Structure formats: C-alpha cells, structure tokens
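In: sequence first, predicted model second:
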Amino acid sequence: MNDEQSRDRRRSRSLRASVLTLGVTMGLQTAAAQAQDGVSHSECSPDTRICFALTTVDGVPTYTVTRDGRQIIAPSALGFMLRGAGKWQHGVKLGEATHASHTETWEQHWGESRLVTNDYREIRVPMVEQVRDRRTIELVARVFDSGVGFRFEFPEQDKLADVRIDEELTEFNLATEGGDTEAWWIPGGEWNRYEYLYRRTPAHEVGTAHSPITFRRTDGLHIAIHEAALVDYAAFWLQRVEGQRFRTRLAPSSQPWKVRRAAPFATPWRTVLIGEDAPALYAASDMILNLNEPSRIADLGWFTPHKYVGIWWGMHLDIWSWNDGPKHGATTENALRYIDFAADHGFGSVLIEGWNVGWWSESGRNFQFAEAYPDFDMDRVAAHARAKGVEIMGHHETAGNAGLYERQLEDALDYYAAHGIHSVKTGYVADAGMALREDPDGTEQWEYHDGQYMVRHHALVAERAAEHAIAVNAHEPVKDTGLRRTWPNLVTREGARGTEYMAWGEPPNPPEHEPTLLFTRMLSGPFDLTPGIVSLEGRDARPLPNTLARQLADYVVIYSPIQMAADLPENYAAAPDALAFIEQVPVDWERTQVLAGEIGEYAVVARQRRDGDDWWIGGVTDGERREIAIDLAFLPAGARYVAEIWRDGEGGGIDGDRFAMVRETRRVRAGETLALTMEAGGGFALSLRPAE
C-alpha cells in the first residue's frame with residue numbers, strides 16, 4: 001500500500017468515525033450542529049425534500065446530500081492537487097454562506113420538451129485555508145427538486161492566479177443505507193473512448209467509469225452522477241476508491257498538469273440526479289441543461305430538426321469505401337441518387353462521407369477539408385440539392401488530428417457556407433490518448449478525446465460553425481454536458497456504441513442496449529444512433545439481433561433532433577410499411593414522458609409533436625418477450641384518437657421471424673389502456689392522432 005492509499009484509508013476511517021460520533025444518520029441539522037469546527041451550511045430544494053450540506057471534518061471540506069432526511073451521498077471530501085502549490089484540502093474553514101433562489105421557464109430552440117422549468121435554491125460558501133497562503137475557493141451549490149449541482153469558483157487572488165490542477169479530489173460516497181447498490185457503467189480511459197457496452201455490476205465492483213453512471217439502490221431509488229457545462233476544463237472519470245466511495249479523476253493532458261486556467265474561473269458543475277424510478281431519473285436530466293448558460297445564438301433559423309439519409313451504411317457493409325478507388329462511395333452519381341431519394345420521401349438532408357481528399361492516413365495528416373476527390377463534383381451536387389429542396393450534411397473526419405483541422409477550419413467552413421451547407425458531421429476516429437494537437441512552435445502533442453485541449457477544440461468548432469450558420473453532429477466527441485443550451489448548433493453527437501456495431505461489432509449491440517442507453521447515456525443529451533436498418537442485416541448478411549418493429553421504435557425512444565434513415569435506398573423500397581413510419585415520425589417535440597421502464601430491460605416513451613396534437617410512442621425490450629399495458633391517462637381527458645401501430649407480429653422476435661410486423665389502426669380514448677406485445681429483442685412504434 002502506498003502513502004496516498006494509506007492516507008485515504010486513515011481519512012476514510014476518520015470520516016466514518018466522525019459520522020457515527022456526530023450522528024449524521026439522525027438528520028442533516030443534527031450533524032451540522034455538532035460539526036467539529038462548529039460551522040455548517042445547508043440549502044434545500046424548492047420542495048424541501050433534497051438537501052445539500054457543507055461542513056468540515058478534521059479541517060477537510062465535506063458535503064452530504066439527503067432526500068427526505070435519508071442520506072443519498074454520505075459525507076464526501078472535496079479538494080484539489082495544485083501543481084507547484086500542493087494539496088488544497090486540509091486546514092480549511094468555511095466562511096459565511098449566502099443564499100439565493102431562481103425560478104424561470106425557458107424555451108429550447110429544439111428538444112425533447114419545448115419548455116424547460118428552471119427552479120432551484122442556491123448556496124455559496126467561501127472555503128478558506130488556515131495554513132499555507134490562505135487560498136480561497138468558493139463552493140456554489142444549486143439544489144433542485146430532482147438533484148444537486150455544485151461547482152468550485154476560483155476568485156482572483158495573488159496566491160492563486162495561474163491555476164494548474166493536477167487532480168480534482170471531489171468524492172461521491174454513496175450512502176450504504178441504500179444497500180448493495182447496482183451500477184450501470186462503461187470504463188473510463190480505455191482505448192475505445194465511450195463506445196462500450198454497459199456493464200451491470202454492484203457499485204463496489206466498478207473500476208474507473210465514464211459519466212453519466214447510473215445507480216439503483218435496493219429501495220428502488222435511482223441516482224446518476226455526471227457533470228454539466230464542461231467548458232475549458234478536463235472531463236472527469238469516476239474512479240472507485242473503496243466500497244461505494246468514488247472520486248473524480250480528470251482526463252489526462254499532454255502537459256504536466258491536467259487543467260490550466262487563469263483566475264477567476266469556475267469548474268464544471270458536478271451533478272447528482274435523483275429519481276424514484278428509472279422514468280423519474282430520465283425526467284430529472286433537465287437539470288443538466290439548466291446548469292448551462294443561455295443560448296449565445298440569437299437566430300437559429302438556418303437549422304431545422306429533420307431526418308436524413310446518406311452515403312454511410314455502405315461503407316460499414318464494406319461494399320463502398322471512404323477513400324477513392326473502385327469502391328469509392330462518395331461519387332457524384334451516388335450523391336445525386338441519394339438526393340433524389342431524399343426529395344421523393346421527405347428527408348431533409350443527405351450525409352456525404354468520404355467526398356474530400358485525404359482518406360485514410362495515420363493521424364489524418366493528409367486531409368484536405370476544402371478539396372474534393374476527382375469523382376465528386378461539389379458544385380453540381382450542391383446545385384442539384386438546392387433544386388430538389390434538400391440540404392447536404394457535410395462531413396469532416398479528422399482521424400483525431402484536431403490540430404490540422406483547426407488550421408484548416410476557416411477554409412473548411414467557408415467552403416461549406418459557399419455551397420449552402422448548413423450542417424456538418426465531424427469525426428475524431430483515433431484511440432483514446434491519440435488526438436493530435438500542435439503547439440505554436442509546431443511541436444506535436446498527443447491528447448485524450450476528453451482532456452482540456454479537446455474540450456477547448458470542440459468549443460472552438462461550435463463557435464466558428466455558428467458564425468457560418470452550420471450545425472454540428474460530433475462523432476468520437478467529448479461527452480455531452482448540456483452545452484447545447486449555450487450553443488444550440490451542437491445538435492447531436494455520438495459518444496456511445498451506435499448502429500455501425502450492428503454491421504461489424506463483436507458482439508453486435510444486444511437487445512438490452514437501447515433500454516440501457518435511455519437511462520444512462522441519454523441522461524446527458526441527444527445521441528446520433530443512426531437507426532432504421534430495415535434489412536436487419538449487417539456485413540456478410542450478418543443478422544441483426546432486432547426485429548423490424550424495434551428498428552422503428554428507436555426513432556422515438558432514442559432522441560436526436562436529426563435522425564438518420566441509415567439503410568440503403570433499395571432496402572427501403574423492399575419495406576414500404578417501415579419506410580412509411582420513418583417518413584412520418586417527427587424529430588422535434590413539445591413534451592416527453594417515459595411511461596414505463598427498467599434499466600437494461602425495457603422502456604416505453606411517449607412524445608408529443610412540437611406545435612402539434614399528435615403523440616408518438618415507442619417501446620423496446622431486451623431479450624425477453626413482454627406484455628405492455630400503456631395507460632393513456634396522459635392524453636387530454638375525453639379526447640379520442642386514431643392509433644396507427646407498427647408492432648411485432650405473431651411468431652416474431654429475434655428467435656423467430658424478425659421481419660414479422662403488423663401495421664394496424666385502432667380507435668382509442670384518453671384514459672384507456674392499450675395492450676401490446678413486444679417479442680424478444682423487439683418493440684413497437686405508434687402514432688396517436690386526434691380522431692376529429
């Protein structure tokens with residue numbers, strides 16, 4: 001055991017002893033009154049059920065989160081390792097607290113719900129060292145009815161101006177009164193970034209995880225830990241220290257430190273979402289948006305949420321290639337054909353991957369972002385798209401070479417703007433730790449996809465793209481932390497295992513993937529899943545472990561303001577009922593409700609079309625067959641609807657006829673129950689339109 005581990009264990013024993021001595025389990029205020037240094041501050045949510053308290057234990061700033069008087073986060077230490085200035089953690093005294101409150105309702109440019117309520121109580125506490133240089137860091141916590149967000153603010157001060165952070169020591173000590181808590185998580189810091197299947201383990205078996213990470217206690221309470229407003233800072237991974245105690249671990253940097261900032265500045269918010277069950281946890285995720293700054297784009301009229309098709313799936317089937325040659329996919333002829341298909345079926349744009357010079361080289365050193373291959377005529381393609389009323393979605397793959405992309409960024413965006421292109425899919429395909437940057441002197445450095453440099457890079461791309469009226473769909477990105485509120489041209493991103501793994505992944509995404517994503521990855525924001533593979537086949541005729549109805553359900557369950565119809569046009573021609581659903585389903589919503597669900601098992605999601613009276617419901621299940629009773633009580637009382645349903649047919653499921661699908665209509669009334677069956681690995685999708 002090294003010295004740091006020994007100190008951690010001694011401090012952990014000290015914290016546990018302090019908890020017992022102070023009687024924290026008897027209630028928040030009792031513990032506060034008996035704190036060692038006599039100072040404790042607290043604030044509670046508007047409904048008073050969730051409370052955040054800050055005190056010191058042996059001079060270490062320590063916080064607690066309770067709900068209805070029961071601990072959610074047991075006493076957890078705070079602190080920093082500062083390069084050249086040692087550890088900021090011990091000998092800290094709390095200053096006088098100030099309190100505030102805020103209530104507003106704001107409107108999203110696009111989203112799962114048009115209106116978002118932002119209602120919280122805030123506490124601000126100076127934390128002052130009594131040793132060394134008496135450096136001050138302020139803690140700001142906002143307490144919502146659905147959870148807590150807190151961050152650190154570094155005020156301007158002589159002894160802490162050039163702040164270099166080696167590590168942030170924020171802990172999340174899950175209360176053991178919740179029992180042996182379960183966790184759903186993906187590993188942090190591994191080579192494949194965020195593109196892993198979620199593991200389900202006891203919390204005490206988690207290693208180092210990305211956030212959001214979701215927990216379920218034995219009493220049924222659901223908790224998710226994440227961060228919000230990740231700006232000019234390294235993303236954190238969550239590393240288990242012992243038992244159910246976790247600590248932030250900042251993504252590494254090519255520099256000796258992980259974060260460098262000039263004071264004054266604020267860290268991202270550290271967030272704890274709390275829900276009675278899985279649907280309530282999903283509803284709580286609005287808190288992530290609310291902790292971000294309002295939009296910096298006054299007019300987003302150049303972007304409209306839409307569905308798109310594209311030159312993409314053929315590459316994953318290995319019938320086309322990104323680079324030029326006999327299999328090149330992004331030819332003028334293919335692009336014109338896809339534009340015609342999009343115009344005929346009401347798709348808003350066509351994604352064209354592999355059109356530009358440079359595919360494929362180590363670290364993308366030869367990419368040219370404003371130069372087309374000889375067999376691709378951008379002028380002709382853009383003119384044809386305009387004539388057909390279809391947008392082009394551009395593509396900028398970098399192979400992780402962010403430095404090269406930054407050098408060419410203005411020319412690349414100018415080129416797209418000149419051709420009337422208002423959206424771009426960016427890509428950073430490289431192993432973790434292999435994103436390439438350049439210092440001003442030309443020295444090359446290697447960075448993590450979620451380190452401070454790449455966080456700055458993505459912010460730069462978003463800002464420059466907004467100036468050119470271009471929306472961004474980022475793949476191999478840094479995780480979403482709600483910045484789409486501030487930069488609503490950040491319309492969607494990857495950051496999880498998408499449909500391409502159904503073509504060639506080992507293993508392919510299993511049926512439990514989407515009902516897991518909804519209550520984990522989707523807590524952070526939209527995901528470009530790229531559904532709609534109606535052929536149900538991957539590379540070399542590999543069968544997809546889904547049903548046809550399940551591919552349709554994903555359009556409602558997994559949210560994105562741009563949704564791809566990812567299959568080949570000829571496969572849609574062979575599946576007209578499925579294509580009819582994809583043509584009709586909206587992508588922008590007035591409001592959303594998760595009607596039922598359990599993590600990794602099943603989910604039923606209802607969404608109302610933005611500015612419309614029709615509702616759309618999607619259901620997905622794992623490898624189990626399920627009977628679902630949909631309570632239509634959420635509809636206006638007395639209203640009658642025509643339900644058009646696409647559901648698994650008799651003998652369907654992944655062990656039967658995966659293509660068995662029934663398309664039918666029924667008349668229903670608000671308050672009734674609609675019974676449907678989801679076969680193993682299957683699902684359903686339906687629309688509810690007012691009968692009048």
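Out: Yep, it's here. Everything quoted here is computed from the prediction, not taken from an experiment.

In: what ranges does the stretch 151-300 of the chain have for its strands?
Out: Along the stretch 151-300 of the chain, counting by DSSP state E, counting those that start in this stretch, strands occupy 162-168, 171-174, 182-185, 199-202, 208-209, 213-216, 222-228, 236-242, 245-250, 259-262, 265-266, 269-275.

In: could you check the distance from residue 478 over to residue 432?
Out: 12 Å (Cβ to Cβ, to the nearest Å). Every residue, glycine included, has its C-beta placed from N, CA and C.

In: please read the previous query as pertaining to residue 96.
Out: 44 Å.

In: so which of those two has more stuff around it?
Out: Between residue 96 and residue 432, residue 432 has the larger neighbour count (other Cβ atoms under 10 Å), namely 21 against 9.

In: wait, that one touches residue 446, no?
Out: No: judged on Cβ atoms under 8 Å, residue 432 makes no contact with residue 446 at a distance of 10.3 Å.

In: touching both of those two, which residues are there?
Out: Counting by Cβ atoms under 8 Å, 6 or more residues apart in numbering, residue 432 and residue 446 have no common neighbour.

In: related to what we said a few turns ago, nearest to residue 146, of the strands of the stretch 151-300 of the chain?
Out: strand 269-275 (6.3 Å; Cβ to Cβ).

In: list the buried residues of the closest one.
Out: Using 16 or more other Cβ atoms under 10 Å as the test for burial, strand 269-275 gives 269, 270, 271, 272, 273, 274, 275.

In: what is the burial count for residue 677?
Out: Residue 677 sits with 18 neighbouring residues when counted by other Cβ under 10 Å.

In: what sits against it?
Out: 625, 626, 627, 628, 647, 648.

In: among these, which are located in helices?
Out: Among those, no member is found in helices (DSSP state H).

In: buried subset of the residues you listed, written for PyMOL?
Out: Here is the PyMOL selection string for the buried members of the contacts of residue 677, based on 16+ other Cβ under 10 Å:
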select buried, resi 625+626+628+647+648
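
In: dump the contacts of residue 677 into TSV; add pLDDT and distance to residue 527 as well.
Out: As requested, the contacts of residue 677 are exported to TSV (pLDDT from 0 to 100; distance: Cβ to Cβ, whole Å):
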residue	pLDDT	distance to residue 527
625	98	26
626	98	23
627	98	28
628	97	23
647	98	24
648	98	24
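
In: before we move on, back to that, which one of the buried residues of strand 269-275 is nearest residue 43?
Out: residue 272 (13.9 Å).

In: isn't that closest one up against residue 172?
Out: Yes: under the criterion of Cβ under 8 Å, residue 272 makes contact with residue 172 at 7.2 Å.

In: next, show the common contact partners of the two.
Out: 73, 225.

In: can you pull out the helices in the stretch 501-650 of the chain?
Out: Taking DSSP state H, counting those that start in this stretch, the helices of the stretch 501-650 of the chain run over residues 513-517, 548-557, 569-573, 576-584.

In: residue 242: which of those is closest?
Out: helix 513-517 (26.4 Å).

In: on contacts alone, who are the packing partners of that closest one?
Out: helix 548-557, strand 602-609, strand 615-621 (3 or more Cβ pairs under 8 Å, 6 or more residues apart in numbering; DSSP states H and E).

In: report the residue spans of the stretch 101-250 of the chain with pLDDT below the cut-off.
Out: Along the stretch 101-250 of the chain, the model assigns pLDDT under 70 to residues 178.

In: repeat that with 80
Out: 132-133, 178-179 (pLDDT under 80).

In: element containing residue 445, please.
Out: strand 444-447 (DSSP states H and E).

In: what's the answer for residue 396, then?
Out: strand 391-397.

In: so what are the sheet partners of that strand and their directions?
Out: strand 349-352 (parallel), strand 423-427 (parallel) (DSSP bridges).

In: now do the buried residues in the next helix or strand after that strand.
Out: Using DSSP H and E, the helix or strand that follows strand 391-397 in sequence is helix 402-418. By neighbour count on 16+ other Cβ under 10 Å, the buried set for helix 402-418 is 402, 403, 404, 405, 406, 408, 409, 412, 413, 415, 416.

In: biggest separation within those, which pair?
Out: Of all pairs in the buried residues of helix 402-418, the most separated under Cβ to Cβ is 403 and 416 at 20.2 Å.

In: phi, psi for the residue nearest the centre of the chain please.
Out: Centroid-nearest residue in the chain, with Cα atoms, centre = their mean: residue 524, separated by 3.2 Å. Main-chain dihedrals, residue 524, degrees, to the nearest 10: phi -90, psi -20.

In: tell me who's in contact with the closest residue to residue 285 other than its chain neighbours.
Out: Spatial nearest neighbour of residue 285, excluding adjacent residues (Cβ to Cβ, 6 or more residues apart in numbering): residue 523 at 4.4 Å. Applying Cβ under 8 Å, 6+ apart to residue 523 gives the contacts 212, 214, 224, 226, 273, 281, 282, 284, 285, 288.

In: what's the local residue count around residue 673?
Out: 11.

In: output stretch 216-229 as CSV, restricted to C-alpha atoms.
Out: Extracted in CSV, the C-alpha atoms of stretch 216-229 (Å, rounded to 0.1, in the frame of the first residue of the first chain):
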residue,chain,number,x,y,z
ARG,A,216,-30.1,1.8,-8.4
ARG,A,217,-30.4,1.3,-4.6
THR,A,218,-32.2,-1.7,-3.1
ASP,A,219,-35.0,0.7,-2.0
GLY,A,220,-35.6,1.4,-5.7
LEU,A,221,-34.2,5.0,-5.7
HIS,A,222,-32.2,5.8,-8.9
ILE,A,223,-29.1,8.0,-8.8
ALA,A,224,-26.9,9.3,-11.7
ILE,A,225,-23.6,11.1,-11.4
HIS,A,226,-22.5,13.3,-14.2
GLU,A,227,-21.2,16.9,-14.9
ALA,A,228,-22.7,19.9,-16.6
ALA,A,229,-21.2,22.9,-18.5
